[in-house]
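Q: Fold the following and give me the result.
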Amino acid sequence: MTSPSSNLRNVWRRLSGVDVAALVVVAFGVTAAVMGVNGGIASFLKFLAVLSGFYLLVRFIRWWRSRLLWSLRNRLIVAYLFIAVVPILLIVTLGVLAGRILYSQLGAYLLYEDIHERISAMEDIAEHIAVAHADLPSGMNEKESERVLASQSHNLAGLTIQFSDDTSLLQKVAPGAEYFAGLLQEENALSLTSIRALKKATSRARVVKLQVPVTEEFLASIAPDDGAIQFNLMQKVSGADTQAVIYTSGTDQYAAARAPITALKRGLQPKNFWIDPAVSVVSRLDSVYVAPDGSVERNRPVLAVFNARPSRLNARIFNSVGELRGSYLLLLVMVGVVFLLIELAALITGINMTRRITSAVADLYHATQFVQGGDLSHRVRIERRDQLGVLGESFNLMTSSIGGLVEEQKQRQRLENEISIAWEVQNQLFPKRLPSVPGVEVEAICKAARSVSGDYYDFIQLTATHIAVAIADISGKGISAALLMASLQAALRSQLLTPGSETLGTAELVSRLNKHLVRNTADDRFATFFIAVYDSATRTMRYTNAGHLPSFLLSQGKAVRLDQGGMVLGVYEDYVYEECLLDVPVGSLLVGYSDGLVEPENVYGEEFGIRRLQEAAMRVQTSSPFAVAQSLMTAAEEWAGSAEQADDMTVIVARLR
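A: Numbers count the residues shown, from 1 in each chain. This next block holds a predicted model:
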């Protein structure tokens, strides 16, 4: 595996001059921003840093995309994400946003309605007092106000009623009107206020003023379905004091006038179930502001900040259908009837279309029954000139030669079944479990040119410290080569799986296999074979190469070819083979292969060759055995530039630590 430092060096080598310049500009811009340097040159440098950052981001996305989509597996994963996951996430996100907007608006509506209900109640009280003032003696008005205070104490906590001969406040907040009701802000005090003019025929004009101060206790009593509530009084600020601006309305800018008013002992309600997130809302209420100098601002904002639980708001929405439940039920029944009619129409249409399709398919099926019975003169009836009709015509055209096609298909099926069985049997011949020898890691890849392979490899653990590594290439291809491979595998394992096999010389072992093939195969059948026995305790390797392409041992940047042994197996019975003994350095890599890995040709007719194979192995010799085997296989396939194999391709890799 490559180290992080080497990866960084590779990335650095891929950077162009423009990329390096953009990195430098971004570095200077970030430094200027961190140090707080301002001015003409610094501002221009920050602007260039932003542009360079966007450029580098685009470059990184393109590089990441090419690295990500290089693998076919990643391409499929990305395709699945865009086809299935992304639309679902977008829909869920849209639903969540819509829900948050709906619940925030509902919470704001409940708060707004509760406040204005109380203002309306105060307006009704003022009107009631005005009517009483006109009909009752003057001395009775205070008693009437006391009675009203007592009756409304539970709804309007802190309600005060004042009578005054001063009508200037009413004229300021509602010029030309006889009453005012709403939120009134006098300096830093906010209250629910209702002012109404009182007139008698024999007396001068008077007003009655009802006020409920907006305090912590008042906020604790409103909108019970909302959670914690906080009111922020605002004051206008000039353009120079931009750091204090927290709210902009039109051309006016506002900042907090004083500490916010927070509902007393009121917080967010507990969850009703595990998915019950809090909804935080900032809503605006308009108030009439009366300045100390008497000036009036009619739409000064008051920011109401609160939170709520969707479960509590749901309970408020679906608390009762109300008096219109009969209408809702009738509407639901009507919609259900309409849906049922649409479903019936769709069902009838589907039945008719299905009948047409199934009738055409049935005709084709019955025609196949006639053909299966040997009647090749039967023809499908063509009623419509659609795709099914064309299919019927095609069937009629094929019936003249269907007999030969059926017989050919049967023969092909039998052959495929035999090949499938041979493939399953051959797979059982390859080692299912890799041996566990301390200091040894092995891996192998075998790709057959056809369904079955004539290449053979094996890893056999002889003792706790001895392991045998074998690779062979049977002459020919297909089933015949696979059968000979099975015979060789059985002979090899019968020799090595007997007690004391670790002391058996590789030359003697190969000689026995040679006699087995000579006596049990035809004269034109032979096999190349390589066997190596490694002892991890003494770090020695004994090997014999019987005409196989030379395996090689990589160590310290050098490759030692293992080519000593003798001729191929199955030709001359009494041939004497040689055994070679090697001392294996620490960290060596043993690579064996078949001719299918070095014989692929490029478009110019050049073979991949052993030299290129060794160079490819040296480039990845520090990787895992599987990564090395996969890299060598990929290198040969890329050299050929074609997915079609001319021969079986096999590679074995053993890491000898």
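Q: Let's see the helix or strand harbouring residue 473 as CSV, backbone CA atoms only.
A: Secondary structure from DSSP states H and E places residue 473 in strand 466-474. The C-alpha coordinates for strand 466-474 follow below in CSV (Å, rounded to 0.1, in the frame of the first residue of the first chain):
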residue,chain,number,x,y,z
HIS,A,466,6.1,-26.1,5.5
ILE,A,467,3.9,-25.1,2.6
ALA,A,468,3.8,-26.4,-1.0
VAL,A,469,3.0,-23.9,-3.9
ALA,A,470,2.2,-25.4,-7.3
ILE,A,471,1.1,-24.1,-10.6
ALA,A,472,0.5,-26.0,-13.9
ASP,A,473,-0.7,-25.5,-17.4
ILE,A,474,-2.4,-28.3,-19.3
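Q: That strand: how far from the chain's middle?
A: Strand 466-474 sits 44 Å away from the centroid of its parent chain (C-alpha atoms, centre = their mean, to the nearest Å).
Q: Packing partners of it?
A: strand 440-447, strand 455-461, helix 478-496, strand 527-535, strand 588-593, strand 649-656 (3 or more C-beta pairs under 8 Å, 6 or more residues apart in numbering; DSSP states H and E). For every residue, glycine as well, the C-beta is placed using N, CA and C.
Q: Next, the angle strand 649-656 makes with the shortest one.
A: Yep, that's strand 588-593 we're talking about. Strand 588-593 and strand 649-656 are oriented at 170 degrees to each other (axes from the mean of the first three to the mean of the last three C-alpha atoms, to 10 degrees).
Q: Show me the contact partners of strand 588-593.
A: 457, 469, 471, 530, 532, 534, 541, 548-549, 551-555, 613, 617, 621, 625, 628, 632, 650-656 (C-beta atoms under 8 Å, 6 or more residues apart in numbering).
Q: Let me know the average pLDDT across that strand.
A: What strand 588-593 shows for mean pLDDT is 93.
Q: Counting by contacts, list what whichever helix or strand comes after it packs against.
A: Proceeding N to C from strand 588-593, the next assigned helix or strand is helix 609-619, under DSSP H and E. Here helix 609-619 touches strand 551-555, strand 558-562, strand 588-593, helix 625-640, going by 3+ C-beta pairs under 8 Å, 6+ apart.
Q: Could you list the domains of the protein?
A: As assigned by automatic domain parsing, the chain contains the domains 14-68, 100-317, 324-403, 430-656.
Q: quick one: average pLDDT of the shortest one?
A: Per-residue pLDDT values over domain 14-68 give a mean of 78.
Q: Centre of the chain to that domain, how far?
A: Relative to its chain's centre, domain 14-68 lies at 29 Å (C-alpha atoms, centre = their mean).
Q: check contacts around the residue nearest to residue 614 when sequence neighbours are not counted.
A: Distances taken as C-beta to C-beta, 6 or more residues apart in numbering put residue 559 closest to residue 614, at 4.8 Å, once the chain neighbours are dropped. Contacts here follow C-beta under 8 Å, 6+ apart; on that basis residue 559 touches 552-553, 614, 617-618.
Q: which one of the residues you listed is nearest residue 59?
A: Proximity of the contacts of residue 559 to residue 59 (C-beta to C-beta) peaks at residue 618, which lies at 32.2 Å.
Q: check contacts around the closest one.
A: Contacts for residue 618 (C-beta under 8 Å, 6+ apart) come out as 554, 557, 559.
Q: Which one among those sits at the bottom for pLDDT?
A: Among these, residue 557 has the lowest pLDDT, at 81.
Q: Tell me where the stretch 51-200 of the chain has strands.
A: 160-164, 179-186, 189-198 (DSSP state E, counting those that start in this stretch).
Q: Can you list the buried residues in stretch 284-298?
A: Counting neighbours by 16 or more other C-beta atoms under 10 Å, one finds that the buried residues in stretch 284-298 are 285, 287-290.
Q: quick one: contacts for residue 575?
A: Contacts of residue 575 by C-beta under 8 Å, 6+ apart are 511, 514, 566-567.
Q: for residue 192, same thing?
A: By C-beta under 8 Å, 6+ apart, the neighbours of residue 192 are 115, 118-119, 122, 156, 182-184, 211-212, 214.
Q: Nearest to residue 163, out of those: which one, please.
A: residue 211 (12.8 Å).
Q: Residue 191 versus that closest one, what's the distance?
A: Between residue 211 and residue 191 the distance is 5 Å, computed by C-beta to C-beta, to the nearest Å.
Q: Overlap of the contact sets of these two?
A: Common neighbours of residue 211 and residue 191, counting by C-beta under 8 Å, 6+ apart, are residue 184.
Q: from the contacts of residue 575, which single one is nearest residue 585?
A: So of the contacts of residue 575, ranked by how close each gets to residue 585 (C-beta to C-beta), first place is residue 566, at 26.3 Å.
Q: related to what we said a few turns ago, what's the most buried one of the strands of the stretch 51-200 of the chain?
A: Counting by mean count of other C-beta atoms under 10 Å, strand 189-198 has the highest mean neighbour count of the strands of the stretch 51-200 of the chain, with a mean of 22.
Q: Go ahead and produce PDB holding the CA coordinates of that strand.
A: C-alpha atoms of strand 189-198 as PDB (Å, rounded to 0.1, in the frame of the first residue of the first chain):
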ATOM      1  CA  ALA A 189     -43.400  49.600  28.300                       C
ATOM      2  CA  LEU A 190     -45.600  47.300  26.200                       C
ATOM      3  CA  SER A 191     -49.300  46.700  26.900                       C
ATOM      4  CA  LEU A 192     -52.600  45.600  25.500                       C
ATOM      5  CA  THR A 193     -54.500  48.900  25.400                       C
ATOM      6  CA  SER A 194     -58.100  49.800  24.600                       C
ATOM      7  CA  ILE A 195     -59.100  53.500  24.700                       C
ATOM      8  CA  ARG A 196     -62.700  54.700  24.100                       C
ATOM      9  CA  ALA A 197     -64.300  58.100  24.200                       C
ATOM     10  CA  LEU A 198     -67.000  58.700  26.800                       C
END
